[in-house]
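J.: Coordinates only, no sequence provided:
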């Protein structure tokens, strides 16, 4: 919801009986659907668990084989196994990092991205977006199960 809107709860007594029945039906269907999806996902995860376990064991075996043999890839009639490395860089000391970047003009060490929380706070405080920033909001709904229902 937009930040300046107010929460509004519609009480069943304020609805006509036909509308109330339809809303009750749709909420019930939503909860049933969500539960069925959760059950299906659980069943699926259980059904593939042995395959995931086998795949993990095969990955370990292939990694050890490649490391032992100094290989970065292995081609076979069945396919190609290759090693790849993914890097992440987190900040142990953000202040020291920023001082280094600024003092050495190493701005290529940064990723440029607006902080959503800070932008929302700026809009709330100043009444306008910072220059060059777009702020988007996506409205969704959520449905909670009625207390005590299963």
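T.: On my side now, so go ahead. In this text, all values refer to a predicted model and were calculated from it rather than measured experimentally.
J.: Tell me where the protein has strands.
T.: 73-76, 79-82 (DSSP state E).
J.: Make CSV out of the ones you listed and add mean neighbour count, mean pLDDT and distance to residue 123.
T.: (Glycine included, C-beta is placed from N, CA and C.) As requested, the strands of the chain are exported to CSV (neighbours: other C-beta atoms under 10 Å; pLDDT from 0 to 100; distance: least, C-beta to C-beta, whole Å):
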stretch, mean neighbour count, mean pLDDT, distance to residue 123
strand 73-76, 10, 92, 50
strand 79-82, 11, 94, 47
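J.: and residue 13, how many residues sit next to it?
T.: As a burial measure, residue 13 scores 6 neighbours (other C-beta atoms under 10 Å).
J.: how close does it sit to residue 21?
T.: Separation of residue 13 from residue 21 (C-beta to C-beta, to the nearest Å) stands at 13 Å.
J.: How about residue 94?
T.: 56 Å.
J.: So which of these two has more stuff around it?
T.: More neighbours surround residue 21 than the other of residue 94 and residue 21, with 12 against 9 (other C-beta under 10 Å).
J.: next one: the lengthiest helix in the chain to chain centre, how far?
T.: What stands out as the longest helix in the chain, according to DSSP state H, is helix 17-69. Its chain's C-alpha centre and that of helix 17-69 lie 16 Å apart, by C-alpha atoms, centre = their mean, to the nearest Å.
J.: I'd like the mean pLDDT over it, please.
T.: Helix 17-69 shows a mean pLDDT of 95 in the predicted model.
J.: again, but for stretch 139-147
T.: Mean pLDDT, stretch 139-147: 81.
J.: Tell me the gap between it and the middle of its chain.
T.: Relative to its chain's centre, stretch 139-147 lies at 19 Å (C-alpha atoms, centre = their mean).
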